[in-house]
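S.K.: Sequence and predicted structure below; questions after.
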Amino acid sequence: MTDSTEPARDERAEPPVEPPAGAAGSAGSAGSATEAGSGSSPGPGRRRSGRPGRPLVVLEGVNKHFGDLHVLRDIDLVIHEGEVVVVIGPSGSGKSTLCRTINRLETIESGSISVDGKPLPEEGKALAKLRAEVGMVFQSFNLFAHKTILDNVTLGPVKVRGAGKEQARTRAQELLERVGVAHQAGKYPAQLSGGQQQRVAIARSLAMDPKVMLFDEPTSALDPEMITEVLDVMISLADAGMTMVVVTHEMGFARRAADRVVFMSDGEIVEQAAPEEFFTNPRSARAKDFLGKILTH
């Protein structure tokens, strides 16, 4: 769930003309927060290519308040192309707010954020373009209830990217096949399970050809038996080289899919490391306490 100290707000799906963030979704390991999957990661952007990619998302000195609550404190973070960064921490630590600032669903008060070398636009067409290139998958699925699954996936490319309808439909069918729901293309969202709807949301985001995908607790609203199918899709995206920032409580996914784990507490990045290093040898007392609680229940 989103951080409990943050005020309630709508999780907006991208409108077809100016999407707030190409909806997307994705893959993962089978696993709950108690899983202890194995596997080490060599460092930023190196899990697949053997060398770090170029900096794609850069946050420098980012601060954010909700009233008197200082939810982001001097955040410095670089996400490299092709890197999977998993953000974890206790509720109220600022994880979801951090994720939402990257496509300006939340504004910041100081500091800077750039995507692919360009400062985050404040508004207008430039911001709409940025949101089309930064996919986002929310806790809720945000599908258009009155449109078929196929139409949900084709709408963005046609309205925003200017793709031809037949081209968009062909691409949508390929993506629905990729996430395992091609046989549901003619149905409406209410006819699908929660896990299937989240996979459609991932396909919809991928249809916009995003440069980076943001996942804000993508499995928290799902029944336990549906979590694995969504995480498996996310893992396949990671293995294919998609740049991903994932806020999650799924520790098994973090160990299996992440290049880097970022641990937050009280609005700060307390430490960050490759998964094996973080889970077996956390440096800070706060991380040790967090892992001691979450991995033993």
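M.R.: Structure received.

S.K.: got a list of what Leu291 touches?
M.R.: Phe279, Pro282 (CB atoms under 8 Å, 6 or more residues apart in numbering). Using the backbone N, CA and C atoms, a C-beta is placed for each residue, glycine as well.

S.K.: Which element, helix or strand, includes it?
M.R.: helix 285-294 (DSSP states H and E).

S.K.: mind listing what's buried in that helix?
M.R.: Arg286, Ala287, Phe290, Leu291 (16 or more other CB atoms under 10 Å).

S.K.: Wait, Ser96 touches Asp216, no?
M.R.: Yes: if you go by CB atoms under 8 Å, Ser96 and Asp216 touch, sitting 5.2 Å apart.

S.K.: burial of Glu177, as a residue count?
M.R.: When counting by other CB atoms under 10 Å, one arrives at 13 neighbours for Glu177.

S.K.: Please apply the same query to Val158.
M.R.: 18.

S.K.: Same question for Asp266.
M.R.: The burial count for Asp266: 15, using other CB under 10 Å.

S.K.: and if you look at Thr248?
M.R.: Using other CB under 10 Å, Thr248 has 24 neighbouring residues.

S.K.: Likewise for the one 4 residues further on?
M.R.: Applying the criterion other CB under 10 Å, we find 21 residues in the vicinity of Gly252.

S.K.: does it sit in a helix, a strand or a coil?
M.R.: helix (DSSP: H, G, I helix; E, B strand; the rest coil).

S.K.: Next one: it relative to Met264, how far apart?
M.R.: 19 Å (CB to CB, to the nearest Å).

S.K.: helices or strands next to the strand or helix carrying Leu77 in the packing?
M.R.: Taking DSSP H and E as the definition, Leu77 sits inside strand 69-80. Other elements packing on strand 69-80 under the criterion 3 or more CB pairs under 8 Å, 6 or more residues apart in numbering; DSSP states H and E are strand 55-66, helix 95-101, strand 268-273.

S.K.: and those, which is most packed in?
M.R.: Across the helices and strands packed on strand 69-80, the average number of neighbours (mean count of other CB atoms under 10 Å) peaks for helix 95-101, which reaches a mean of 25.

S.K.: mean confidence score for it?
M.R.: Throughout helix 95-101, pLDDT has a mean value of 96.

S.K.: Identify the residues contacting that helix?
M.R.: So helix 95-101 is contacted by 2-3, 6, 59, 62, 64, 71-72, 75, 77, 87-89, 106-108, 113, 136, 214-217, 245, 247, 264 (CB under 8 Å, 6+ apart).

S.K.: Same check on stretch 56-64?
M.R.: 70-81, 83, 94, 97-98, 101-102, 106-116, 211-212, 243, 245, 267.

S.K.: can you tell me which residues contact the closest residue to Val261 other than its chain neighbours?
M.R.: Distances taken as CB to CB, 6 or more residues apart in numbering place Phe278 nearest to Val261, at 4.4 Å, with adjacent residues excluded. If you count contacts by CB under 8 Å, 6+ apart, Phe278 has them with Val261, Phe263, Glu271, Gln272, Ala287.

S.K.: residue boundaries of the strands in this structure?
M.R.: Along the chain, the segments classed as strands by DSSP state E run 55-66, 69-80, 84-88, 110-115, 118-119, 134-137, 212-216, 244-247, 260-265, 268-273.

S.K.: just to revisit the earlier point, quick one, which of the contacts of stretch 56-64 are buried?
M.R.: 70-73, 75, 77, 79-81, 83, 94, 97-98, 101-102, 106, 108, 111, 113, 115, 211-212, 243, 245, 267.

S.K.: Bridged to the most centrally placed residue in the chain, which residues?
M.R.: Of all residues in the chain, the one closest to the mean position by CA atoms, centre = their mean is Phe215, 1.7 Å from it. Here Phe215 sits in beta bridges with Val137, Val246, going by DSSP bridges.

S.K.: next one: Pro55
M.R.: Under the criterion used (DSSP bridges), Pro55 bridges to His80.

S.K.: Could you check how far stretch 155-167 is from the centre of its chain?
M.R.: 23 Å (CA atoms, centre = their mean, to the nearest Å).

S.K.: and it, how far apart are its ends?
M.R.: End-to-end distance for stretch 155-167: 12 Å, by CA to CA, to the nearest Å.

S.K.: Could I get the average pLDDT for that stretch?
M.R.: Averaging pLDDT residue by residue across stretch 155-167 gives 91.

S.K.: Which positions in that stretch come out as buried?
M.R.: Those would be Leu155, Gly156, Pro157, Val158, Lys159, Val160, Ala163, for stretch 155-167 by 16+ other CB under 10 Å.

S.K.: All good on my end, thank you.
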